[in-house]
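S.K.: Next one to model:
(one chain, ligands or ions: 2)
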Amino acid sequence: MYKILTLNNISQVGLDRLPASDYSVTDSEATPDAIILRSFKMHDMEIPASLKAVGRAGAGVNNIPLDKMSAAGIPVFNAPGANANAVKELVVASLFIAARNISEAIKYTEGLSGDDAELSKLVEAGKKKYAGFELPGRTIGVVGLGAIGRMVANTCVDLGMNVIGFDPGLTVDGAWQLSARIGRAGSVEEMLSKVDFLTVHVPLIDATRDLINADNVSQMKPTATVINLARGGIINDEAVCDAIDAGKLACYVTDFPNNRTKQTPAVLGLPHLGASTGEAEDNCAVMVADQVREYLETGNIVNSVNFPNVSMSRNTDYRLVVCNANVPNMVGQISTILADANLNINDMINQSRGDVAYTIVDVDSSIPSSVIETIKQLNGVMIARVIQP
Ligand SMILES: NC(=O)c1ccc[n+]([C@@H]2O[C@H](COP(=O)([O-])OP(=O)(O)OC[C@H]3O[C@@H](n4cnc5c(N)ncnc54)[C@H](O)[C@@H]3O)[C@@H](O)[C@H]2O)c1
Ligand SMILES: O=C(O)[C@H](O)COP(=O)(O)O
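M.R.: Ligands and ions are numbered 1, 2, ... in the order given. Reported below is the predicted structural model:
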(Lines give C-alpha, C1' and ligand atoms only; values in the text may rest on other atoms or scores of the structure.)
(Ligands and ions follow the chains in the order given, each with its own letter.)
Protein backbone atom coordinates (compact mmCIF):
# COMPACT_ATOMS: atom_id res chain seq x y z
CA MET A 1 0.00 0.00 0.00
CA TYR A 2 1.44 3.40 -1.02
CA LYS A 3 0.75 6.28 1.39
CA ILE A 4 0.02 9.72 -0.06
CA LEU A 5 -0.05 12.92 2.00
CA THR A 6 -2.01 15.86 0.55
CA LEU A 7 -1.05 19.35 1.75
CA ASN A 8 -3.83 21.23 -0.08
CA ASN A 9 -7.27 20.40 -1.40
CA ILE A 10 -6.61 18.29 -4.48
CA SER A 11 -9.33 17.58 -7.05
CA GLN A 12 -10.98 14.22 -6.38
CA VAL A 13 -10.91 13.54 -10.12
CA GLY A 14 -7.12 13.41 -9.83
CA LEU A 15 -7.01 11.48 -6.57
CA ASP A 16 -9.33 8.89 -8.13
CA ARG A 17 -6.39 7.95 -10.38
CA LEU A 18 -4.80 6.37 -7.30
CA PRO A 19 -6.77 3.13 -6.75
CA ALA A 20 -7.94 2.64 -3.15
CA SER A 21 -6.74 -0.98 -3.36
CA ASP A 22 -3.12 0.23 -3.52
CA TYR A 23 -3.16 3.80 -2.20
CA SER A 24 -4.16 5.45 1.04
CA VAL A 25 -4.59 9.21 0.54
CA THR A 26 -4.98 11.47 3.58
CA ASP A 27 -4.05 14.96 4.76
CA SER A 28 -2.40 13.61 7.93
CA GLU A 29 0.10 10.91 6.96
CA ALA A 30 3.30 10.83 9.04
CA THR A 31 5.28 8.46 6.78
CA PRO A 32 4.17 9.26 3.23
CA ASP A 33 5.66 7.71 0.10
CA ALA A 34 4.60 10.83 -1.79
CA ILE A 35 3.23 14.30 -1.16
CA ILE A 36 0.70 15.93 -3.49
CA LEU A 37 0.19 19.66 -3.01
CA ARG A 38 -0.67 22.96 -4.65
CA SER A 39 0.68 26.21 -3.12
CA PHE A 40 1.48 24.90 0.39
CA LYS A 41 4.92 26.29 1.36
CA MET A 42 7.18 23.31 2.04
CA HIS A 43 10.33 25.31 2.77
CA ASP A 44 10.07 25.08 6.57
CA MET A 45 8.65 21.59 6.61
CA GLU A 46 10.61 18.66 8.00
CA ILE A 47 10.92 16.20 5.13
CA PRO A 48 9.78 12.69 6.18
CA ALA A 49 12.48 10.03 5.69
CA SER A 50 9.86 7.87 3.92
CA LEU A 51 9.27 10.45 1.15
CA LYS A 52 10.01 9.27 -2.40
CA ALA A 53 8.21 11.83 -4.61
CA VAL A 54 6.46 15.21 -4.59
CA GLY A 55 3.68 16.11 -7.04
CA ARG A 56 2.80 19.80 -7.51
CA ALA A 57 -0.73 19.97 -8.94
CA GLY A 58 0.09 23.14 -10.84
CA ALA A 59 2.92 24.94 -12.61
CA GLY A 60 4.95 27.01 -10.11
CA VAL A 61 7.35 25.16 -7.80
CA ASN A 62 8.80 28.07 -5.84
CA ASN A 63 6.92 26.77 -2.76
CA ILE A 64 9.05 23.59 -2.79
CA PRO A 65 12.73 23.39 -1.65
CA LEU A 66 14.03 21.88 -4.90
CA ASP A 67 17.71 21.77 -3.87
CA LYS A 68 16.82 19.93 -0.68
CA MET A 69 14.66 17.48 -2.63
CA SER A 70 17.39 16.83 -5.22
CA ALA A 71 19.98 16.27 -2.49
CA ALA A 72 17.66 13.70 -0.90
CA GLY A 73 17.02 11.93 -4.22
CA ILE A 74 13.37 12.98 -4.35
CA PRO A 75 11.94 13.94 -7.76
CA VAL A 76 9.45 16.79 -7.85
CA PHE A 77 6.78 16.61 -10.55
CA ASN A 78 4.56 19.41 -11.82
CA ALA A 79 1.74 19.70 -14.35
CA PRO A 80 3.09 21.69 -17.31
CA GLY A 81 0.35 23.44 -19.26
CA ALA A 82 -2.48 21.82 -17.28
CA ASN A 83 -3.80 25.14 -15.97
CA ALA A 84 -2.58 27.36 -18.83
CA ASN A 85 -6.00 27.96 -20.36
CA ALA A 86 -7.44 29.04 -17.01
CA VAL A 87 -4.68 31.63 -16.58
CA LYS A 88 -4.99 32.79 -20.18
CA GLU A 89 -8.72 33.42 -19.70
CA LEU A 90 -8.07 35.48 -16.56
CA VAL A 91 -5.43 37.53 -18.40
CA VAL A 92 -7.93 38.21 -21.19
CA ALA A 93 -10.53 39.16 -18.56
CA SER A 94 -7.96 41.49 -16.98
CA LEU A 95 -7.39 43.23 -20.32
CA PHE A 96 -11.10 44.01 -20.65
CA ILE A 97 -11.52 44.92 -16.98
CA ALA A 98 -8.63 47.39 -17.21
CA ALA A 99 -9.51 48.78 -20.67
CA ARG A 100 -13.18 49.39 -19.80
CA ASN A 101 -12.70 50.48 -16.16
CA ILE A 102 -15.08 47.71 -15.20
CA SER A 103 -14.05 47.35 -11.56
CA GLU A 104 -14.47 51.08 -10.79
CA ALA A 105 -17.69 51.23 -12.83
CA ILE A 106 -19.24 48.36 -10.87
CA LYS A 107 -18.25 50.04 -7.60
CA TYR A 108 -19.93 53.23 -8.86
CA THR A 109 -23.23 51.53 -9.64
CA GLU A 110 -23.15 49.61 -6.36
CA GLY A 111 -22.88 52.93 -4.53
CA LEU A 112 -25.93 54.50 -6.20
CA SER A 113 -29.22 54.92 -4.36
CA GLY A 114 -32.65 56.37 -5.14
CA ASP A 115 -35.75 55.28 -6.98
CA ASP A 116 -35.44 53.81 -10.49
CA ALA A 117 -35.81 57.18 -12.19
CA GLU A 118 -33.08 58.68 -9.99
CA LEU A 119 -30.82 55.66 -10.55
CA SER A 120 -31.27 55.93 -14.29
CA LYS A 121 -30.27 59.62 -14.13
CA LEU A 122 -27.17 58.81 -12.04
CA VAL A 123 -26.21 55.96 -14.39
CA GLU A 124 -26.27 58.30 -17.38
CA ALA A 125 -24.55 61.11 -15.49
CA GLY A 126 -21.74 58.89 -14.20
CA LYS A 127 -20.85 56.83 -17.24
CA LYS A 128 -18.53 59.36 -18.89
CA LYS A 129 -16.04 58.86 -16.03
CA TYR A 130 -15.68 55.19 -17.00
CA ALA A 131 -15.29 55.48 -20.77
CA GLY A 132 -12.57 53.10 -21.89
CA PHE A 133 -10.77 51.95 -24.99
CA GLU A 134 -10.85 48.95 -27.33
CA LEU A 135 -8.14 46.34 -27.74
CA PRO A 136 -7.55 46.09 -31.53
CA GLY A 137 -4.44 48.05 -32.48
CA ARG A 138 -3.20 48.22 -28.88
CA THR A 139 0.15 46.68 -28.04
CA ILE A 140 0.83 44.03 -25.41
CA GLY A 141 4.22 42.78 -24.23
CA VAL A 142 4.28 39.15 -23.08
CA VAL A 143 7.26 38.22 -20.90
CA GLY A 144 7.73 34.45 -20.86
CA LEU A 145 6.44 32.41 -23.81
CA GLY A 146 5.93 29.08 -22.06
CA ALA A 147 2.62 27.23 -21.79
CA ILE A 148 0.68 30.28 -20.54
CA GLY A 149 2.55 33.08 -22.31
CA ARG A 150 2.10 31.40 -25.70
CA MET A 151 -1.66 31.03 -25.23
CA VAL A 152 -1.95 34.64 -24.07
CA ALA A 153 0.15 35.93 -26.98
CA ASN A 154 -1.82 33.98 -29.61
CA THR A 155 -5.18 35.02 -28.15
CA CYS A 156 -4.13 38.66 -28.12
CA VAL A 157 -3.23 38.37 -31.84
CA ASP A 158 -6.76 36.99 -32.39
CA LEU A 159 -8.15 40.01 -30.52
CA GLY A 160 -6.46 42.27 -33.07
CA MET A 161 -3.67 43.43 -30.77
CA ASN A 162 -0.02 43.97 -31.66
CA VAL A 163 1.95 41.44 -29.64
CA ILE A 164 5.62 41.57 -28.67
CA GLY A 165 7.15 38.61 -26.83
CA PHE A 166 10.32 38.12 -24.83
CA ASP A 167 11.68 34.77 -23.67
CA PRO A 168 15.42 34.01 -23.74
CA GLY A 169 14.65 30.31 -23.11
CA LEU A 170 12.02 29.90 -25.84
CA THR A 171 12.12 26.31 -27.11
CA VAL A 172 11.87 25.33 -30.79
CA ASP A 173 8.59 23.53 -30.03
CA GLY A 174 7.36 26.66 -28.26
CA ALA A 175 8.30 28.86 -31.20
CA TRP A 176 6.37 26.58 -33.60
CA GLN A 177 3.23 27.16 -31.53
CA LEU A 178 3.45 30.95 -31.72
CA SER A 179 1.59 33.02 -34.28
CA ALA A 180 3.96 34.41 -36.92
CA ARG A 181 2.43 37.82 -36.17
CA ILE A 182 4.10 38.00 -32.77
CA GLY A 183 7.09 40.35 -32.71
CA ARG A 184 10.24 39.47 -30.85
CA ALA A 185 11.93 41.67 -28.25
CA GLY A 186 15.55 41.22 -27.15
CA SER A 187 14.84 42.30 -23.58
CA VAL A 188 12.03 43.42 -21.29
CA GLU A 189 13.34 46.99 -21.48
CA GLU A 190 13.10 46.95 -25.28
CA MET A 191 9.32 46.52 -25.10
CA LEU A 192 8.45 48.82 -22.19
CA SER A 193 7.97 52.14 -24.00
CA LYS A 194 5.89 50.49 -26.74
CA VAL A 195 3.27 48.59 -24.77
CA ASP A 196 -0.23 49.44 -23.56
CA PHE A 197 -0.22 46.21 -21.51
CA LEU A 198 2.61 44.19 -20.07
CA THR A 199 1.88 40.68 -18.79
CA VAL A 200 4.41 38.34 -17.15
CA HIS A 201 4.36 34.53 -17.39
CA VAL A 202 7.70 33.43 -15.96
CA PRO A 203 8.61 31.39 -12.87
CA LEU A 204 9.79 33.27 -9.78
CA ILE A 205 13.56 32.66 -9.82
CA ASP A 206 16.53 34.96 -9.13
CA ALA A 207 16.61 36.09 -12.79
CA THR A 208 12.93 37.13 -12.78
CA ARG A 209 12.70 38.83 -9.37
CA ASP A 210 11.81 42.53 -9.74
CA LEU A 211 11.60 42.25 -13.54
CA ILE A 212 9.63 45.51 -13.46
CA ASN A 213 11.27 47.81 -10.93
CA ALA A 214 11.88 51.42 -9.95
CA ASP A 215 14.54 51.79 -12.67
CA ASN A 216 12.55 50.58 -15.67
CA VAL A 217 8.89 51.27 -14.79
CA SER A 218 9.46 54.92 -15.78
CA GLN A 219 9.93 53.78 -19.40
CA MET A 220 6.28 52.68 -19.59
CA LYS A 221 3.45 54.83 -20.93
CA PRO A 222 1.39 56.60 -18.24
CA THR A 223 -1.67 54.93 -19.78
CA ALA A 224 -0.23 51.39 -19.56
CA THR A 225 -1.41 48.45 -17.44
CA VAL A 226 0.84 45.80 -15.84
CA ILE A 227 -0.63 42.32 -15.30
CA ASN A 228 0.95 39.84 -12.90
CA LEU A 229 -0.79 36.49 -12.73
CA ALA A 230 2.59 34.74 -12.37
CA ARG A 231 4.01 35.26 -8.86
CA GLY A 232 4.45 37.93 -6.22
CA GLY A 233 8.04 39.23 -6.42
CA ILE A 234 8.31 39.23 -10.23
CA ILE A 235 6.89 42.75 -10.31
CA ASN A 236 8.26 45.12 -7.70
CA ASP A 237 4.94 46.17 -6.17
CA GLU A 238 6.39 49.23 -4.43
CA ALA A 239 7.78 50.58 -7.72
CA VAL A 240 4.58 49.92 -9.67
CA CYS A 241 2.30 51.39 -6.98
CA ASP A 242 4.56 54.46 -6.67
CA ALA A 243 4.35 54.92 -10.45
CA ILE A 244 0.54 54.68 -10.34
CA ASP A 245 0.36 57.13 -7.42
CA ALA A 246 2.54 59.57 -9.42
CA GLY A 247 0.31 59.28 -12.51
CA LYS A 248 3.05 57.50 -14.48
CA LEU A 249 1.19 54.21 -14.90
CA ALA A 250 -2.55 53.59 -15.21
CA CYS A 251 -3.33 50.22 -13.67
CA TYR A 252 -1.86 47.06 -12.11
CA VAL A 253 -3.70 43.74 -12.02
CA THR A 254 -2.16 41.28 -9.58
CA ASP A 255 -3.05 37.81 -8.37
CA PHE A 256 -0.77 38.40 -5.37
CA PRO A 257 -2.08 41.43 -3.47
CA ASN A 258 -0.42 42.72 -0.30
CA ASN A 259 -0.77 45.68 2.03
CA ARG A 260 1.12 47.97 -0.40
CA THR A 261 -1.05 47.10 -3.40
CA LYS A 262 -4.21 47.47 -1.30
CA GLN A 263 -3.35 51.13 -0.62
CA THR A 264 -3.47 52.02 -4.34
CA PRO A 265 -7.01 52.26 -5.76
CA ALA A 266 -5.88 51.57 -9.36
CA VAL A 267 -4.54 48.18 -8.34
CA LEU A 268 -6.97 45.37 -9.09
CA GLY A 269 -6.12 42.60 -6.62
CA LEU A 270 -7.31 39.04 -7.14
CA PRO A 271 -6.98 36.27 -4.53
CA HIS A 272 -4.57 34.01 -6.51
CA LEU A 273 -7.35 32.92 -8.86
CA GLY A 274 -5.32 32.19 -12.00
CA ALA A 275 -5.66 28.40 -11.86
CA SER A 276 -8.90 28.27 -9.90
CA THR A 277 -11.28 26.66 -12.35
CA GLY A 278 -12.72 23.19 -11.99
CA GLU A 279 -11.17 22.23 -15.32
CA ALA A 280 -7.66 23.37 -14.38
CA GLU A 281 -7.84 21.81 -10.92
CA ASP A 282 -8.91 18.48 -12.44
CA ASN A 283 -6.27 18.62 -15.20
CA CYS A 284 -3.44 19.40 -12.77
CA ALA A 285 -4.46 16.76 -10.24
CA VAL A 286 -4.87 14.07 -12.91
CA MET A 287 -1.48 14.85 -14.43
CA VAL A 288 0.49 14.78 -11.16
CA ALA A 289 -1.38 11.81 -9.72
CA ASP A 290 -0.52 9.85 -12.90
CA GLN A 291 3.13 10.93 -12.76
CA VAL A 292 3.53 10.15 -9.05
CA ARG A 293 1.87 6.77 -9.56
CA GLU A 294 4.11 6.03 -12.56
CA TYR A 295 7.19 6.85 -10.51
CA LEU A 296 6.19 4.82 -7.46
CA GLU A 297 5.09 1.80 -9.49
CA THR A 298 7.66 1.76 -12.33
CA GLY A 299 10.46 4.18 -11.41
CA ASN A 300 9.80 6.07 -14.68
CA ILE A 301 10.09 9.85 -14.43
CA VAL A 302 7.75 12.09 -16.45
CA ASN A 303 7.60 15.88 -16.08
CA SER A 304 10.03 16.28 -13.21
CA VAL A 305 11.40 19.76 -12.55
CA ASN A 306 14.59 18.59 -10.80
CA PHE A 307 15.29 15.11 -12.23
CA PRO A 308 15.92 14.00 -15.81
CA ASN A 309 12.90 12.56 -17.58
CA VAL A 310 13.67 8.83 -17.84
CA SER A 311 11.35 6.04 -18.97
CA MET A 312 12.02 2.40 -19.85
CA SER A 313 9.34 -0.18 -20.56
CA ARG A 314 9.58 -3.08 -18.16
CA ASN A 315 11.46 -6.10 -19.50
CA THR A 316 11.62 -8.36 -16.43
CA ASP A 317 10.00 -8.63 -12.99
CA TYR A 318 13.19 -7.42 -11.31
CA ARG A 319 13.71 -3.66 -11.50
CA LEU A 320 16.14 -1.51 -9.57
CA VAL A 321 16.31 2.30 -9.62
CA VAL A 322 19.24 4.37 -8.36
CA CYS A 323 19.61 8.11 -7.94
CA ASN A 324 23.11 9.41 -7.42
CA ALA A 325 25.38 12.42 -7.77
CA ASN A 326 26.22 13.11 -11.42
CA VAL A 327 29.90 12.08 -11.17
CA PRO A 328 32.04 9.61 -13.17
CA ASN A 329 32.00 5.84 -12.70
CA MET A 330 28.68 5.49 -10.84
CA VAL A 331 27.12 3.26 -13.52
CA GLY A 332 30.36 1.23 -13.61
CA GLN A 333 30.26 0.67 -9.84
CA ILE A 334 26.55 -0.24 -9.87
CA SER A 335 27.09 -2.70 -12.74
CA THR A 336 30.01 -4.30 -10.89
CA ILE A 337 27.91 -4.81 -7.74
CA LEU A 338 25.19 -6.46 -9.85
CA ALA A 339 27.75 -8.66 -11.64
CA ASP A 340 29.35 -9.67 -8.32
CA ALA A 341 25.88 -10.80 -7.16
CA ASN A 342 25.52 -12.82 -10.38
CA LEU A 343 22.68 -10.57 -11.60
CA ASN A 344 22.50 -10.30 -15.39
CA ILE A 345 21.44 -6.88 -16.73
CA ASN A 346 18.58 -7.27 -19.21
CA ASP A 347 18.15 -3.57 -19.97
CA MET A 348 19.33 -0.34 -18.48
CA ILE A 349 18.96 3.44 -18.93
CA ASN A 350 20.89 6.27 -17.32
CA GLN A 351 20.22 9.98 -17.67
CA SER A 352 21.44 13.05 -15.84
CA ARG A 353 20.27 16.58 -15.19
CA GLY A 354 22.53 19.05 -13.42
CA ASP A 355 23.95 17.40 -10.32
CA VAL A 356 21.51 14.47 -10.38
CA ALA A 357 21.86 11.18 -12.29
CA TYR A 358 19.18 8.49 -12.40
CA THR A 359 19.43 4.88 -13.52
CA ILE A 360 16.80 2.20 -14.17
CA VAL A 361 18.07 -1.38 -14.43
CA ASP A 362 16.04 -4.50 -15.25
CA VAL A 363 17.85 -7.71 -14.28
CA ASP A 364 17.01 -11.33 -15.00
CA SER A 365 16.58 -12.59 -11.44
CA SER A 366 15.51 -11.53 -7.97
CA ILE A 367 17.54 -8.72 -6.37
CA PRO A 368 18.69 -9.59 -2.81
CA SER A 369 18.32 -6.78 -0.25
CA SER A 370 22.09 -7.05 0.41
CA VAL A 371 22.68 -5.78 -3.16
CA ILE A 372 20.52 -2.72 -2.51
CA GLU A 373 22.36 -2.08 0.76
CA THR A 374 25.77 -2.33 -1.01
CA ILE A 375 24.66 0.13 -3.71
CA LYS A 376 23.35 2.53 -1.05
CA GLN A 377 26.83 2.50 0.56
CA LEU A 378 28.45 3.86 -2.62
CA ASN A 379 29.67 7.41 -2.28
CA GLY A 380 27.18 9.71 -4.01
CA VAL A 381 24.18 7.37 -4.00
CA MET A 382 21.05 9.07 -2.64
CA ILE A 383 18.48 6.35 -3.21
CA ALA A 384 18.42 2.76 -4.40
CA ARG A 385 15.24 0.74 -4.38
CA VAL A 386 13.65 -2.28 -5.95
CA ILE A 387 10.41 -1.64 -7.85
CA GLN A 388 8.08 -4.56 -7.26
CA PRO A 389 6.10 -5.69 -10.35
N1 LIG B 1 -1.75 32.74 -10.86
C2 LIG B 1 -1.81 31.44 -11.00
O3 LIG B 1 -2.67 30.78 -10.45
C4 LIG B 1 -0.78 30.73 -11.83
C5 LIG B 1 -1.15 29.57 -12.53
C6 LIG B 1 -0.20 28.91 -13.30
C7 LIG B 1 1.09 29.38 -13.34
N8 LIG B 1 1.42 30.50 -12.63
C9 LIG B 1 2.80 31.02 -12.68
O10 LIG B 1 3.13 31.24 -14.03
C11 LIG B 1 4.44 30.75 -14.27
C12 LIG B 1 4.56 30.33 -15.73
O13 LIG B 1 3.73 29.22 -15.97
P14 LIG B 1 3.85 28.39 -17.32
O15 LIG B 1 2.92 27.24 -17.17
O16 LIG B 1 3.71 29.28 -18.50
O17 LIG B 1 5.36 27.87 -17.21
P18 LIG B 1 6.33 27.44 -18.39
O19 LIG B 1 7.47 26.76 -17.73
O20 LIG B 1 5.61 26.72 -19.45
O21 LIG B 1 6.85 28.83 -19.01
C22 LIG B 1 7.72 29.69 -18.37
C23 LIG B 1 8.52 30.42 -19.45
O24 LIG B 1 9.25 31.47 -18.82
C25 LIG B 1 10.47 31.59 -19.55
N26 LIG B 1 11.44 32.35 -18.78
C27 LIG B 1 12.22 31.93 -17.75
N28 LIG B 1 12.99 32.94 -17.32
C29 LIG B 1 12.69 34.03 -18.09
C30 LIG B 1 13.16 35.39 -18.12
N31 LIG B 1 14.10 35.82 -17.29
N32 LIG B 1 12.61 36.22 -19.02
C33 LIG B 1 11.64 35.79 -19.88
N34 LIG B 1 11.19 34.51 -19.91
C35 LIG B 1 11.70 33.65 -19.02
C36 LIG B 1 10.88 30.15 -19.82
O37 LIG B 1 11.83 30.05 -20.86
C38 LIG B 1 9.54 29.52 -20.17
O39 LIG B 1 9.31 29.52 -21.55
C40 LIG B 1 4.61 29.59 -13.27
O41 LIG B 1 5.96 29.38 -12.94
C42 LIG B 1 3.81 30.07 -12.08
O43 LIG B 1 4.63 30.75 -11.17
C44 LIG B 1 0.52 31.16 -11.88
O1 LIG C 1 1.64 27.84 -10.19
C2 LIG C 1 0.48 27.52 -10.29
O3 LIG C 1 0.09 26.50 -10.91
C4 LIG C 1 -0.57 28.43 -9.74
O5 LIG C 1 -0.04 29.44 -8.98
C6 LIG C 1 -1.72 27.73 -9.11
O7 LIG C 1 -1.61 27.67 -7.72
P8 LIG C 1 -2.77 26.91 -6.91
O9 LIG C 1 -2.71 25.49 -7.34
O10 LIG C 1 -2.43 27.10 -5.47
O11 LIG C 1 -4.05 27.57 -7.29
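S.K.: So which residues on this structure come close to ligand 1?
M.R.: Within the chain, the positions near ligand 1 by Cβ under 6 Å from any ligand atom are 58-60, 80, 83-84, 87, 143-149, 166-170, 201-204, 207-208, 229-231, 255, 272, 274-275. Bear in mind the C-beta positions are built from the backbone N, C-alpha and C, glycine included.
S.K.: give me phi/psi at Ala37?
M.R.: No, residue 37 isn't Ala; it's Leu. The phi and psi values for Leu37, taken as degrees, to the nearest 10, are phi -150, psi 170.
S.K.: So this protein: which segments form each domain?
M.R.: In terms of domains, the chain is parsed into 1-83+276-307, 85-95+134-269, 310-389 (source: automatic domain parsing).
S.K.: Could you say which one of those domains comes nearest to ligand 2?
M.R.: Set against ligand 2 and scored by Cβ to the nearest ligand atom, the domains of the chain come closest in domain 1-83+276-307, at 2.6 Å.
S.K.: Report whether that closest one contacts ligand 2.
M.R.: Yes - using Cβ under 6 Å from any ligand atom, domain 1-83+276-307 reaches ligand 2 at 38-39, 58-60, 83, 276.
S.K.: gap between the two ends of that domain?
M.R.: End-to-end distance of domain 1-83+276-307 (Cα to Cα, to the nearest Å): 25 Å.
S.K.: end to end, how far does stretch 14-23 reach?
M.R.: The straight-line separation of the ends of stretch 14-23 (Cα to Cα) is 13 Å.
S.K.: List the contacts of that stretch.
M.R.: Residues from elsewhere that reach stretch 14-23 (Cβ atoms under 8 Å, 6 or more residues apart in numbering): 1-4, 6, 25, 36, 57, 282, 284-290, 292-293.
S.K.: Tell me which of the residues you listed fall in strands.
M.R.: With DSSP state E as the criterion, strands contain 2-4, 6, 25, 36 from among the contacts of stretch 14-23.
S.K.: looking at this, Thr199 is in a strand?
M.R.: Yes - under DSSP: H, G, I helix; E, B strand; the rest coil, Thr199 sits within a strand.
S.K.: which residues does the closest residue to ligand 2 within the stretch 251-389 of the chain contact?
M.R.: The minimum distance from the stretch 251-389 of the chain to ligand 2, using Cβ to the nearest ligand atom, falls at Ala275 (3.6 Å). Contacts for Ala275 (Cβ under 8 Å, 6+ apart) come out as 58-59, 83, 86-87, 281, 284.
S.K.: just checking, what's the longest helix in the chain?
M.R.: Using DSSP state H to define each element, the chain has its longest helix at helix 278-298.
S.K.: And the helices in the stretch 1-150 of the chain?
M.R.: 12-15, 66-71, 84-99, 102-110, 116-126, 147-158 (DSSP state H, counting those that start in this stretch).
S.K.: looking at these, which is buried most?
M.R.: Stretch with highest mean neighbour count among the helices of the stretch 1-150 of the chain: helix 147-158 (a mean of 23; mean count of other Cβ atoms under 10 Å).
S.K.: what's the angle from the helix or strand following that helix to helix 147-158?
M.R.: For helix 147-158, the succeeding helix or strand toward the C-terminus, using DSSP states H and E, is strand 162-166. With axes from the mean of the first three to the mean of the last three Cα atoms, to 10 degrees applied, the angle from strand 162-166 to helix 147-158 works out at 160 degrees.
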